[in-house]
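> what would the 3D arrangement of this be:
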Amino acid sequence: MFSNQKNTMEKLIEENEDFRRIYNRHQELDKRVTAAELGTAPMEDLALNQLKKEKLWIKDKLAVFVNEAEARA
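Numbers count the residues shown, from 1 in each chain. Got it, this is the predicted structure:
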């Protein structure tokens, strides 16, 4: 995620509590989605789709943070 903006991401994680909280939630969702897809944590399709939607929504929010930070730099 945002591999070409790694420095900006690291700075935001360190300095911005809101970004860090949202980023951590994204990481949590990523682990849950991956576990469900691999079958190590079975989940109904509807629940999995809801997690994927939330993960995507959060990724969009993170992108806004990163883009705004880079525009200020």
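> middle-most residue in this structure, spatially?
The centroid of the chain falls nearest to residue 26 when counting by CA atoms, centre = their mean (3.0 Å).
> burial measure for the nearest residue to that one once chain neighbours are set aside, as a count.
Spatial nearest neighbour of residue 26, excluding adjacent residues (CB to CB, 6 or more residues apart in numbering): residue 58 at 4.6 Å. For every residue, glycine as well, the C-beta is placed using N, CA and C. For residue 58, the count of nearby residues is 18 (other CB atoms under 10 Å).
> so for the host helix or strand of residue 58, what gets flagged as buried?
Residue 58 belongs to helix 45-72 when assigned by DSSP states H and E. Within helix 45-72, the residues scored as buried using 16 or more other CB atoms under 10 Å are 48, 51, 55, 58, 59, 61, 62, 65, 66, 69.
> could you do stretch 8-17 as well?
Neighbour counts over stretch 8-17 (16+ other CB under 10 Å) mark 8, 9, 12 as buried.
> the last one: what's it in contact with?
Right, the one you point to is residue 12. When contacts are counted by CB atoms under 8 Å, 6 or more residues apart in numbering, residue 12 touches 19, 20, 23, 65, 66, 69.
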